[in-house]
Structure formats: structure tokens, C-alpha cells
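K.L.:
Fold the stuff below for me.
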Amino acid sequence: MKSSFRRHSCDPSTCWIVFAPAGRRLYGVPLGIGLFFMAPSALADTFSIAGAITQSTQDGTGPAVNNPSLNNIRDGDSYTLLLTFSGSITGPGTYALPGGSLTFVDSAAPATETAFGNFVCAGQNGLACLTVTPDGNFDDISMLACLTTGSGCLTSNQLALNFRIPAASLNSQNVAAAAVNKFTPFDLLEDDGVTDIQGTVAKYSYTGVSSVPEPSSMFLLLPIAAWLLRSTRRPR
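P.N.:
Next up is the predicted model:
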């Protein structure tokens with residue numbers, strides 16, 4: 001059975017997607033509903049850490065110029081860092097983590113930093129470059145992200161993480177984290193290195209797409225099927 005598809009230019013909330021099977025009456029659904037059910041999912045994995053600030057501008061670093069909110073940070077403040085990205089971290093290796101966003105927040109200050117940009121990691125573009133290295137009963141995790149401010153990433157406009165977690169906890173939530181010897185766990189460098197915010201990493205969490213419950217595709221299509229059935233019925 002041949003059919004045609006056409007729609008008129010109008011507001012998605014009132015416009016209808018119209019299907020016209022050959023030799024049959026027209027039927028359809030509102031464009032807004034059709035687009036909702038045809039749109040792909042935008043889910044992403046998340047990587048987050050939490051800790052406490054150990055070095056701020058009150059210790060003599062700075063002052064922060066490109067992001068003045070960093071001047072509000074004080075030693076002892078709690079902070080969080082959240083990275084959303086497409087793809088997955090599944091085991092040891094180096095990962096270029098593309099897309100999404102990277103956000104540093106110190107709610108007490110208040111202070112935020114979101115000006116991170118893509119760069120080349122392991123031959124691919126990513127918002128962050130993360131490496132998982134086996135170390136006995138632990139996984140050592142290091143990550144680099146580049147700021148878009150200042151003179152460039154290689155001139156100390158970057159975020160660096162170095163910490164460890166139990167090896168079986170890479171894809172777990174609320175995991176206790178510890179420092180790796182000789183490395184600063186959290187180091188945010190800005191203004192070409194003039195501003196240097198440091199901190200601990202105490203908690204680590206990872207949430208994968210599979211951890212987010214998704215309704216069945218067939219279940220989502222039931223309202224459309226019901227609408228079509230009602231639209232094609234003729235009064236007797």
C-alpha cells in the first residue's frame with residue numbers, strides 16, 4: 001500500500017503530521033507529539049568528584065582575572081566537579097571524552113568554572129583526557145581538561161586530577177578516593193598559572209547510561225497507536 005507524507009508549516013503544538021494511504025481517508029498526529037517520539041535520546045555518562053579546597057587566593061596565589069569568582073574561594077570550602085560526556089569508561093586505558101560539559105562548583109564562595117574546551121587526546125577530540133592505570137588493588141585516575149581562557153592549555157590554563165579508587169569501583173557511586181603519592185589531587189590553574197586553586201579528592205562517582213531507567217519504546221508508541229486508531233474510526 002502506497003502512502004504519502006506531508007506537513008504544512010505551522011507551530012509544532014498545533015500542526016499535524018498527515019499520512020495519506022492511497023485510496024483511504026487522511027489520518028495523523030500532532031507534529032509536536034510526532035517529533036517527541038521520533039527524537040533520539042540525549043542521555044550521557046557522568047563522572048563526578050567531591051573534595052575540599054586546600055589552596056586558594058587567600059594563600060597568595062592569584063588574584064584571578066579571567067574568572068574573578070575564583071577569588072571568593074576559601075581554604076576548607078567543599079567543591080564538586082561534574083563531567084558529562086558521550087561514550088563510556090570501562091576499564092584501564094586512555095579516554096578522550098567528547099561532548100557534554102565540565103563544571104566546577106564551590107557553592108560556599110560562590111564560584112564556578114565552565115570555560116573548558118575540546119583538545120586532542122589519544123588522536124581524538126575531547127573535552128577531557130582521562131587515564132585509568134591499574135596499581136595493585138587500586139585504579140589510579142588522572143585527567144586533564146583545558147581552559148579556553150588565557151594563552152592556552154600548555155601555558156598553565158588547565159585542570160588536572162590525580163587520585164585513586166579501589167579497582168572494582170570504577171563504575172560505582174560514592175566511592176572513597178585517596179591521593180596518589182607526589183601528585184596534587186585537584187589542581188585548577190588559570191591566568192597562565194598565576195592563579196592556582198588546589199584541593200583534595202574525597203569522593204568519586206560514575207553513572208552510566210544503563211543506570212538510568214528508560215521506558216520501553218513500544219510503551220512510548222502506545223499513545224500514538226491509540227490516536228491513530230481513534231482518528232481512522234468512522235461513525236456508524
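
K.L.:
For Ala202, which non-adjacent residue is closest in space?
P.N.:
Sequence neighbours aside, Gly51 is the residue nearest to Ala202 in space, at 4.7 Å (criterion: CB to CB, 6 or more residues apart in numbering). In this view, the C-beta of every residue, glycine as well, is placed from N, C-alpha and C.

K.L.:
Contacts only, for the one you found.
P.N.:
Gly51 is in contact with 78-79, 177, 185-186, 199-203, counting by CB atoms under 8 Å, 6 or more residues apart in numbering.

K.L.:
where's it relative to Gly150, distance?
P.N.:
Computed with CB to CB, to the nearest Å, the distance linking Gly51 and Gly150 is 24 Å.

K.L.:
what bridges to the residue nearest to Ala202?
P.N.:
Beta-bridge pairing of Gly51, defined through DSSP bridges, involves Tyr79.

K.L.:
From Asp187, how far off is it?
P.N.:
Applying CB to CB, the value for Gly51 to Asp187 is 12 Å.

K.L.:
related to what we said a few turns ago, for the contacts of Gly51, which single residue is the most surrounded?
P.N.:
Across the contacts of Gly51, neighbour numbers were computed from other CB atoms under 10 Å; Gly199 holds the maximum, 28 neighbours.

K.L.:
my guess is it meets Phe186, correct?
P.N.:
Yes: between Gly199 and Phe186 there is a contact at 4.0 Å, judged by CB atoms under 8 Å.

K.L.:
anything in contact with each of these two?
P.N.:
Shared contacts of Gly199 and Phe186, defined by CB under 8 Å, 6+ apart, are found at 51, 79.

K.L.:
and the most centrally placed residue in the chain, what element?
P.N.:
Nearest to the mean C-alpha position of the chain, counting by CA atoms, centre = their mean, stands Thr84 at 1.2 Å. Under the criterion of DSSP states H and E, Thr84 resides in strand 78-85.

K.L.:
Next SSE downstream of that strand?
P.N.:
Next in line after strand 78-85, if elements are assigned by DSSP H and E, sits strand 93-97.

K.L.:
Now do Phe104: how many residues are near it, please.
P.N.:
Taking other CB under 10 Å as the definition, Phe104 ends up with a neighbour count of 24.

K.L.:
Leaving out chain neighbours, which residue sits closest to it?
P.N.:
When the adjacent residues along the chain are set aside, Phe104 lies closest to Glu113, with 4.2 Å between them (CB to CB, 6+ apart).

K.L.:
mind checking how far the one you found is from Asp106?
P.N.:
Noted for Glu113: a distance of 9 Å to Asp106, by CB to CB.

K.L.:
Give me the below-cutoff pLDDT ranges for this protein.
P.N.:
Across the chain, the stretches falling below the confidence threshold (pLDDT under 70) are 1-43, 210-236.
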